[in-house]
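S.K.: okay, predicted coordinates and the sequence, questions at the end:
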Amino acid sequence: MSYMATITSKKQLTLPAELFRKVGFRVGQKVIVSEENGQLMLSSAEKLVEELAGSVPVPRKWKGKGIGSVINQAKDEYFKEKYKRA
């Protein structure tokens, strides 16, 4: 089924409510926007993460740790390296 929507001057697009509910999107959810043969495609970023899960090996230092712990450790390492004193 096709739906009509308008792109604003800020290049924003409001999804019709029926379509939004039909595909199961949530307010604030991240989506992947891609282009294929001149057509825009929207898909859930969570779906992409689920599809990729397990396709990349987990580094040994992160095995067995919760996602929050891994994120905090990765941030700490990144910023220590980025702002290290010469």
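M.R.: Noted; the coordinates are in hand.

S.K.: correct me, but residue 42 touches residue 32?
M.R.: Yes: assessed by C-beta atoms under 8 Å, residue 42 is found in contact with residue 32 at 7.3 Å. From N, CA and C alone the C-beta is placed, and that goes for glycine too.

S.K.: which one's the longest helix in this structure?
M.R.: helix 67-82 (DSSP state H).

S.K.: where's residue 41, which helix or strand?
M.R.: In this structure, residue 41 is located in strand 39-44 according to DSSP states H and E.

S.K.: partners of that strand in the sheet?
M.R.: Partner strands for strand 39-44, per DSSP bridges, with pairing direction: strand 31-36 (antiparallel).

S.K.: outside of the partner strand, which residues touch it?
M.R.: Outside of strand 31-36, the residues that reach it under the criterion C-beta atoms under 8 Å, 6 or more residues apart in numbering are 25, 40-45, 48.

S.K.: tabulate those (CSV), appending distance to residue 8 and pLDDT.
M.R.: Written out in CSV, the entries for the contacts of strand 31-36 read as follows (distance: C-beta to C-beta, whole Å; pLDDT from 0 to 100):
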residue, distance to residue 8, pLDDT
25, 19, 92
40, 15, 92
41, 20, 91
42, 17, 91
43, 22, 89
44, 23, 87
45, 22, 86
48, 26, 77
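
S.K.: out of those residues, which end up buried?
M.R.: The neighbour-count test (16 or more other C-beta atoms under 10 Å) marks residue 44 as buried among these.

S.K.: mind putting the contacts of strand 31-36 into JSON lines with distance to residue 73?
M.R.: Shown next, in JSON lines, are those (distance: C-beta to C-beta, whole Å):
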{"residue": "25", "distance to residue 73": "31"}
{"residue": "40", "distance to residue 73": "37"}
{"residue": "41", "distance to residue 73": "34"}
{"residue": "42", "distance to residue 73": "32"}
{"residue": "43", "distance to residue 73": "29"}
{"residue": "44", "distance to residue 73": "27"}
{"residue": "45", "distance to residue 73": "22"}
{"residue": "48", "distance to residue 73": "23"}
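
S.K.: distance of residue 74 from residue 61?
M.R.: Using C-beta to C-beta, to the nearest Å, one gets 10 Å for the distance from residue 74 to residue 61.
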